[in-house]
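Asker: Provide a 3D model corresponding to the input given below.
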Amino acid sequence: MREANLRKDPLTKEDFIAKRVNQKFAKPENRIKFYNSQANELRKERAFLDKHVHKNHMICKEIYVEGNDNIFDNMCNLTY
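Answerer: Take a look at the predicted model:
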């Protein structure tokens, strides 16, 4: 019965006996470290794109004036 619950931790590759049916990691710390490292890798991959999107968002915020639907009227007032 205990043999069926033997699992391998994705982070440390150690074998452990799962106490729950849906348990994937030996310790909660391993789960946190595993998913944080995945999220950090994704952030590094998207950093180049996010930089340009953020810059464009800031430009649009500067151009847009509340209550004015035509943002192109305000573009001549920009200074770079």
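
Asker: where along the protein do the strands fall?
Answerer: 6-8, 15-17 (DSSP state E).

Asker: what pairs with residue 17 across the strands?
Answerer: residue 6 (DSSP bridges).

Asker: burial check on it, number of neighbours?
Answerer: By other CB atoms under 10 Å, 12 other residues sit near residue 17. Glycine gets a C-beta too; all of them are placed from N, C-alpha and C.

Asker: tell me, how many residues neighbour residue 30?
Answerer: Counted with other CB under 10 Å, residue 30 comes out at 17.

Asker: OK, contacts around the nearest residue to it once chain neighbours are set aside?
Answerer: Spatial nearest neighbour of residue 30, chain neighbours left out: residue 11 (4.5 Å); criterion: CB to CB, 6 or more residues apart in numbering. By CB atoms under 8 Å, 6 or more residues apart in numbering, the residues touching residue 11 are 25, 30, 31, 33, 34.

Asker: the same query, at a cut-off of 7 Å, please.
Answerer: By CB atoms under 7 Å, 6 or more residues apart in numbering, the contact list for residue 11 reads 25, 30, 33, 34.

Asker: how near is it to residue 20?
Answerer: Distance from residue 11 to residue 20, counting by CB to CB, to the nearest Å: 17 Å.
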